[in-house]
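In: everything below, folded, please.
(2 chains)
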Amino acid sequence: MEVPVLKQGAVLIATFQAALSDADLKQLRSHLIEQVVRLRSRGVIVDVTAMDVMDSFASRTLREIAHMIRLRGAETVIVGIQPEVAFAMVQLGLTLEGVATALDLEEGLAYLNNRFENIA
Amino acid sequence: MRAAQDIPVAIRSDQDIVLARQKGRTLAVELGFSQGDATLIATAISELARNIVSYAGTGVITLRVLNSSSRKGIQVVAADEGPGILDIAQAMRDGFSTSGSLGLGLPGVRRLMDEFEIHSTDGKGTIVATKKWKS
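Out: Residues are numbered from 1 along each chain as shown, chains lettered A, B, ... in the order given. Predicted coordinates for the structure are as follows:
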């Protein structure tokens, strides 16, 4: 499944779809890291607004993405976790600790701009 | 409870995890569950199906409509013929895993659903039966 990745300044914006399989998520992980390296991005926004289920695997993959990108010197923000998805995640004990989150795309960009002084 | 209401979903790969949870969500919404509860059910199905793929390889998730005079609900049964769980008490503790995953699967599923039962026979497989009632 193709996940659209948009470049805006030094920020990459990846929009996740609803029905991502484990294989899709793994592929996305490598694709995003590759893009961050190739484009010398400073920030990545992962928009999960459309995701209707965030289970342990998806949550772990998002953490891995964020941590790998941090090792590249860039910052990741997860945006758009739906309220009911957040509730289910907490019940499962999935807290995405150590990963920045924001309400939506706009807030995510604001967070990165604030952190890197207007990169996007 | 009529067998005709059973919806079996064969779990053989990670694609089937997505399929099973989509079917579960659709059924939950059809039964009148809220979007929030449908999300909890879909998430529980995702974890149960994931356990099948990770530990047993293949298995079946069966969705069943529970329709008594007093209340409506949905039953999700995950059955496999995998190695079984030797120590269920240990598997039900948060943080325990034998496959290098997060190990939150089963206790998490128990929190997502209203009723939770597990039977496992060493070398013969595992059955996890869960229910969620419409509030």
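In: quick one, strands of chain A?
Out: A:5-8, A:11-15, A:43-47, A:75-79, A:100-102 (DSSP state E).
In: chain B too?
Out: B:7-11, B:59-67, B:72-80, B:115-121, B:125-133.
In: quick one on the thing from earlier: please identify the most buried of the strands of chain A.
Out: Of all the strands of chain A, strand A:43-47 carries the top mean neighbour count, a mean of 25, counting by mean count of other Cβ atoms under 10 Å in any protein chain shown. Quick note: C-beta positions are derived from backbone N, CA and C, even for glycine.
In: can you list contacts of that one?
Out: The contact list for strand A:43-47, computed with Cβ atoms under 8 Å, 6 or more residues apart in numbering or on different chains, reads A:10-16, A:32, A:36, A:62, A:65, A:69, A:74-80, A:105, A:108-109, A:112, A:115-116, A:119-120.
In: tell me the buried residues in the lowest-mean-pLDDT helix or strand in chain B?
Out: Ranking every helix and strand in chain B by mean pLDDT, DSSP states H and E puts helix B:88-91 at the bottom, with a mean of 81. Within helix B:88-91, the residues that count as buried by 16 or more other Cβ atoms under 10 Å in any protein chain shown are residue B:91.
In: near chain A, anything from that helix?
Out: No: Helix B:88-91 lies out of reach of chain A by Cβ under 8 Å from any Cβ of the partner chain, never closer than 14.3 Å.
In: on contacts alone, who are the packing partners of that helix?
Out: With contacts defined as 3 or more Cβ pairs under 8 Å, 6 or more residues apart in numbering or on different chains; DSSP states H and E, helix B:88-91 has no helix or strand neighbours.
In: need the outlier residue of chain B, farthest from its centre.
Out: Distance from the C-alpha centroid of chain B, by Cα atoms, centre = their mean, peaks at residue B:69 (24.4 Å).
In: ok, which stretches of chain A are helices?
Out: Along chain A, counting by DSSP state H, helices occupy A:22-39, A:56-71, A:83-92, A:105-116.
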